[in-house]
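> this is the structure alone, sequence omitted:
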């Protein structure tokens, strides 16, 4: 793994908190590493993170056979493993948490996928972060933690033609009680912030880097922004 000290506030937060959050979000494998607040949040979240991941796989599966993929915010590798199983030639995973990446490497080896996986610790909102050239970039539960400056740096770092990103756009502020509960969670856990974008706002940041023909897909009550061929 490549180690790089994070400089963003969100990076520092997730470096410390990711293992607990992931244990609660993917609770079917056990919650022993989740703190009490994250366990409580699972009461409201339910299996939504499984639905989000499986839906994203449905959307990218027609496009990844024999292709290379970068999964940003890969955590312990669940989505990366699914994409290898779906036919990806190589999946690069990056996250801010070395602890999560160590788990990803261990699990990848146990699954016999180590030759098709490459994990590295990077802060993707640091300008000039060296990301690999790939056919597709994916990110689940990541970009809503990027303000405009961080989002611009992130998009500028991407070396790809296509992406599919989980996209909780600003329309979700109208969802009750989900949005209110999310604000409570943010404040209790001292999260640096959540930044929601409309498609127009996001496109204005993305198009200078050559990302055009963007659209939002809503499926299974989750939103994704992409420029993959229809």
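Thanks, I have it. Just so it is clear, the model here is predicted, and its values are computed rather than measured.
> tell me if I'm right that residue 27 and residue 40 touch.
No - counting by C-beta atoms under 8 Å, residue 27 does not reach residue 40; the two are 11.6 Å apart. All C-beta atoms are positioned from the backbone trio N, CA, C, and that covers glycine.
> mind checking which of the two has more residues around it?
residue 27 (18 against 14; other C-beta atoms under 10 Å).
> count the neighbours of the closest residue in space to that one that isn't next to it in sequence for me.
Leaving out its chain neighbours, the residue that sits closest to residue 27 by C-beta to C-beta, 6 or more residues apart in numbering is residue 42, at 5.2 Å. For residue 42, the neighbour count with other C-beta under 10 Å is 18.
> contacting residues around residue 42?
Applying C-beta atoms under 8 Å, 6 or more residues apart in numbering to residue 42 gives the contacts 24-25, 27, 31, 34.
> next step: the residues you listed restricted to strands.
Per DSSP state E, strands hold no members of those.
> which of those residues count as buried?
24-25, 27, 31, 34 (16 or more other C-beta atoms under 10 Å).
> can you put these in TSV and add pLDDT?
TSV is the format used below for the buried ones among the contacts of residue 42 (pLDDT from 0 to 100):
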residue	pLDDT
24	87
25	85
27	83
31	82
34	83
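> from those, pick the one nearest residue 149.
Each of the buried ones among the contacts of residue 42 was scored against residue 149 by C-beta to C-beta, and residue 25 proved nearest at 27.1 Å.
> contact partners of the helix or strand harbouring residue 205?
Secondary structure assignment for residue 205, by DSSP states H and E: helix 199-206. Contact with helix 199-206 is made by 148, 151-152, 155, 167, 169-170, 197, 214-216, 225, as judged by C-beta under 8 Å, 6+ apart.
> just how off-centre is the helix or strand following that helix within its chain?
Remark: after helix 199-206, the chain's next helix or strand is strand 215-219, criterion DSSP H and E. Chain-centre distance of strand 215-219: 16 Å, with C-alpha atoms, centre = their mean, to the nearest Å.
> what packs against strand 215-219?
helix 48-60, strand 222-226 (3 or more C-beta pairs under 8 Å, 6 or more residues apart in numbering; DSSP states H and E).
> next, count neighbours for residue 166.
So residue 166, with other C-beta under 10 Å, has 20 neighbours.
> can you tell me how far it is from residue 48?
Using C-beta to C-beta, to the nearest Å, residue 166 is found at 11 Å from residue 48.
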